[in-house]
Each structure stands twice: as C-alpha cells, then as structure tokens.
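A.B. asks: requesting a structural model of the entry that follows:
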Amino acid sequence: MAGFDVASGKRVSNDGGLPVKIVRTVSSAASLSGELRRPLILVPTMGALHAGHISLMKKARKLAGRTGSVVASIFVNPTQFGPNEDFSRYPRTFLRDCQLCREAGVDVIFHPEAEGMYGPGYSTYVNEEQVSGVLCGKSRPGHFRGVCTVVLKLFNIVRPDIAVFGEKDYQQVAVLRRMTANLNVAVRIVTGSTVRERDGLALSSRNAFLSPEERAQAPVIRRALLLARDAVYGRPSDLVKLVRRKIATASLAKIDYLEVLDAKTLEAPGAENRELVVACAVFFGKTRLIDNVRRKVRRGNSKSEIRNSKGEKRG
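C.D. replies: The predicted structure follows:
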C-alpha cells in the first residue's frame, strides 16, 4: 500500500502495512486533526530520523493504542537557528523519513513549508524566561524562543492530547513543560530515553557531520559524564572539573558549556537538592553535540551519597 500526500498527490511507498497520510499545509493538518481518533499523540521532529526518533514514535504508538492516532511533524524550523548556525546544511531526508515513520506506526506526517508556518507579516513569538536562560539558551540566544513558538504552533494546529520528546534535549523538555503549564496548554508532555550507539555516543542527526576522526573521539562526552554520574561524593564544582579533564583528553573537542544544575529548576544547586543534572555541549569541528546525565542525591550523616539515575537505551 502507499501513503498519500494530500497536497501534491504523491504517494509514499510502504512495502506493505498501513498507509501513512502526508499533509503539507496548516489548514489541512488542522482539518484532519478533528477527524483523527483519540488519543492523539504528536512527535515533533526536524526529520533526518534515526533510532532515537523511532523509539519516540514507537512510544507514541503504544500510548495511542489501537484506537488512537500518531502524528509526526517533520519541519526544520528556521526560527530556532541562529544566523551563524547550521540551518542550511541540516540533513533533509524526507522520503527515507516517511518510510521510517510508517514502520514505527505513524498515521500522519505533517510536513509544512516555512512559508506556511511563518507567512508574510509574521511577528508573534513565545518566550519562556526562566529555565531557558542557561545551557543552550545562554549559548544559543533566541533558540528557545524559536522552539517554544514552533511547538505551540504545532500544538494549536494538531491539537494533540500528548506530545513525546527525547530526554537528550533535557533543557528543551523543561522549557516546554514550563511553557505548557504557564500558558494552560492542555497537552501532556511525555519523554523517551536517550538512544545511544554501542560506544555511548547519543544519537543525533548532526552525528552525520562528524569526520571519522571526530566520530572516533566523540564518545568521550558520554565517558566524561559517566565519571560525574558515578562519583561517590563531590561538590558541583568538583564534578565540573572531573568532566572537563576527561573531555580535554580528546584533542578535537571544544567545550561550549558544562554545568551542574538542579534537575528540576535548572538553577544553581542548593543544600536541599535531591537530584542534579550534569549537562554539556561540545564542539567537534563545526558540529555541536549535547548530552546529559542525572544524579540523585541521598543525604547521609555528614556527606551526600550519590545514586545513579539511569534508564537509557542503546542503538
């Protein structure tokens, strides 16, 4: 069977199985949303899909069950890229993405053009002003303004009951949860575990940009974060030094940021913290990779005993 693109009339080969419907305009997606069976689960992506995305889609399919619907959006959102970032070279593999969506149980792909999402005279944006101010928000000014804007637009167009995001983008999840709570958006945000290569590197569409030498060194990020996760004791500043020293052993690595924060608020850790997140962004050449680990803190008599917070998958 084949999926049908309602905008262009093109079909997507499925090699058997149920068809995937493809919609390309905001009006078509909004109209179709009212016809889809509930619960409706949305998986927002920028395409160039990999096993991490597929795991989110499979989770969405499970949440939807036999009676619900799964929508995946594929949209490289220009408003979340800075002027000197990689928007123009971001991978675009739509036909392959369609096949992967079908195999993962997606019912509808929403694949709009930028002009349809941000038409002439567009001037409205969404800012979250607390948890977005650190980490990627500090390193990439305006990034979360673009993320919040496009996600809220997707929520308003598709009108999902649940949206699924990956835990690799830890700050993004925190920002979007704050946005939905503050703006009374009736969408529940669910997360899926980070999927990794066998050597620990978190899957990312940007991994394709790594040279062989950069790819060989990139797993140092995960190894460094595991040192912080598994350290029995240590102040946040000690954990930062530990991770920094390990990453420095990779000659091609350049740290963009590295911080230890309260896992819930993304504020500086205090005496009453129960869980920390160690988050970093590292450049290999022009390719910027992010990752994180969490540490749960159990208070002892005189020192803090650290317990691991795991729950990740390998690709």
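A.B. asks: can we go C-alpha only for contacts and neighbour counts from here?
C.D. replies: Fine.
A.B. asks: next one: the biggest helix by length in the chain to chain centre, how far?
C.D. replies: Identified as the longest helix of the chain according to DSSP state H is helix 143-158. Average the C-alpha atoms of helix 143-158, do the same for its chain, and the two points are 13 Å apart (Cα atoms, centre = their mean, to the nearest Å).
A.B. asks: in it, what's buried?
C.D. replies: Residues 143-155, 157-158 are the ones in helix 143-158 that count as buried (16 or more other Cα atoms under 10 Å).
A.B. asks: and the strands in the stretch 201-315 of the chain?
C.D. replies: Here the stretch 201-315 of the chain has its strands, by DSSP state E, counting those that start in this stretch, at 253-262, 275-284, 287-299, 304-309, 313-314.
A.B. asks: let's have the ones you listed in CSV, adding distance to Cys136.
C.D. replies: CSV is the format used below for the strands of the stretch 201-315 of the chain (distance: least, Cα to Cα, whole Å):
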stretch, distance to Cys136
strand 253-262, 8
strand 275-284, 8
strand 287-299, 9
strand 304-309, 22
strand 313-314, 24
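A.B. asks: got the contact list for Val126?
C.D. replies: Taking Cα atoms under 8 Å, 6 or more residues apart in numbering, we find Val126 in contact with 145-146, 148-149.
A.B. asks: switch the cut-off to 7 Å
C.D. replies: Counting by Cα atoms under 7 Å, 6 or more residues apart in numbering, Val126 touches 145, 148-149.
A.B. asks: ok so, going back, most tightly packed of the strands of the stretch 201-315 of the chain?
C.D. replies: Greatest average neighbour count among these goes to strand 275-284 (a mean of 22), per mean count of other Cα atoms under 10 Å.
A.B. asks: which helices and strands sit right next to the helix or strand that the longest helix of the chain is followed by?
C.D. replies: Sequence order places strand 162-166 as the next helix or strand after helix 143-158, per DSSP states H and E. With contacts taken as 3 or more Cα pairs under 7 Å, 6 or more residues apart in numbering; DSSP states H and E, strand 162-166 sits against strand 40-45, helix 51-64, strand 188-192.
A.B. asks: what's the following helix or strand past the second one in contact with?
C.D. replies: On the C-terminal side of helix 51-64, the closest following helix or strand by DSSP H and E is strand 69-74. Around strand 69-74, the neighbours that count as contacts under Cα under 7 Å, 6+ apart are 36-47, 60-61, 64, 106-111.
A.B. asks: again, but for stretch 27-47
C.D. replies: Stretch 27-47 has contacts (Cα under 7 Å, 6+ apart) with 23, 57, 60, 64, 67-76, 92-94, 97, 110, 157-165.
A.B. asks: if any of these are buried, put those into a PyMOL selection.
C.D. replies: For the buried members of those, the matching PyMOL selection, counting by 16+ other Cα under 10 Å, is:
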select buried, resi 23+57+60+64+68+69+70+71+72+73+74+75+76+92+94+97+110+157+158+159+160+161+162+163+164+165
